[in-house]
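Engineer: From the sequence below, what's the structure:
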Amino acid sequence: MKRHFIGLTDTGVVRTANQDNYFVDDELGRFFIVADGMGGHAGGQEASRIATEEIQAYLKQHWDSPLSSNVLLKEAVEKANLGIIADQKTHPERGDMGTTVVVLIFREGKPWCAHVGDSRLYRLHESKLEQITQDHTWVGMALKAGEINQEQAKFHPWRHVLSQCLGRKDLQRIDIQEFEVQPGDLLLICSDGLTEEVSDEQIQDALINFESCQGTAQELIDTAKIAGGSDNITVVIVAQE
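Structural biologist: A predicted model of the protein is given here:
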């Protein structure tokens, strides 16, 4: 299947620095990465940069290896985690830095994703939006356990408290999954700077009215900024023909 794609990032309205990073495989469209850093301006920027660069380098190096896709993704994310930890040791002032990450790959005709944290992957299929990833947050765990509902989750004071992120020796969970994509589907990877300001309903409407990757990505960023733009906003859109 042929695919079109684009990645855009914006500092937002409130922040003075952008701690998000992303990568799109412009040449071949094999893989896409979004990382949202934390730990102060310099720390967050470095954590997301290291994660993005380590993952893309590992994927490129081992893409044609006999590794299965789930093992390839797991090892790429683990290498990114170790890279951040190594940088923390060299630069103690960045000792608390970390980052979320979502990695989407198309390998042997199949889409796979890996993620840690609360950046998200969505799929629009037949005009219905579905969140493919599950947030690694306290609220995400409470939702799964049935302790709170979706409406409570939207405004919960702990909604940004991560249960997992890269940059930690005790990283215990890298969610990896294969999923289905059909011609006409749209995939959206984004940092929480988008989802904090823009509801799933608004995201769905924007994707349903899709005309181009560039136009829809910019529309989503603009909507988040109009709603407050309290965080950095990163959007990667992949359209399947």
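Engineer: So in this structure, which strand runs the longest?
Structural biologist: strand 98-107 (DSSP state E).
Engineer: How many residues are close by Ile226?
Structural biologist: 11 (other C-beta atoms under 10 Å). Backbone N, C-alpha and C define where each C-beta goes, glycine included.
Engineer: swap in Lys154?
Structural biologist: Using other C-beta under 10 Å, Lys154 is surrounded by 14 other residues.
Engineer: doesn't it fall inside a strand?
Structural biologist: No. Read with DSSP: H, G, I helix; E, B strand; the rest coil, Lys154 is helix and lies in no strand.
Engineer: And it, what's its pLDDT?
Structural biologist: Per-residue confidence (pLDDT) for Lys154: 72.
Engineer: Number the chain from 10, please
Structural biologist: Happy to do that; since the first residue is 10 now, the last one works out to Lys163.
Engineer: What average pLDDT does the longest strand of the chain get?
Structural biologist: 97.
Engineer: other SSEs contacting that strand?
Structural biologist: Secondary-structure packing of strand 107-116 (3 or more C-beta pairs under 8 Å, 6 or more residues apart in numbering; DSSP states H and E): strand 40-47, helix 49-71, helix 78-99, strand 119-125, strand 129-134, strand 195-199.
Engineer: Serialize these to TSV and add fields for mean neighbour count.
Structural biologist: Formatted as TSV, the helices and strands packed on strand 107-116 follow (neighbours: other C-beta atoms under 10 Å):
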stretch	mean neighbour count
strand 40-47	27
helix 49-71	21
helix 78-99	19
strand 119-125	23
strand 129-134	21
strand 195-199	26
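Engineer: And the ones you listed: which comes nearest His169?
Structural biologist: strand 40-47 (9.4 Å; C-beta to C-beta).
Engineer: what's in contact with the helix or strand where Ala215 lies?
Structural biologist: Element membership of Ala215 [criterion: DSSP states H and E] is helix 209-217. The contact list for helix 209-217 (C-beta atoms under 8 Å, 6 or more residues apart in numbering) reads 131, 133, 136-138, 140, 195, 197, 203-204, 225, 228-229, 232.
Engineer: Number of residues surrounding Gly118?
Structural biologist: 7.
Engineer: same question but for Gln140, I mixed them up
Structural biologist: 14.
Engineer: Follow the chain on from the helix or strand bottoming out on mean pLDDT in the chain and name the next helix or strand.
Structural biologist: Taking mean pLDDT, DSSP states H and E as the measure, helix 159-164 is the helix or strand of the chain with the lowest mean score, a mean of 72. Next along the chain after helix 159-164, taking DSSP H and E as the criterion, comes strand 184-187.
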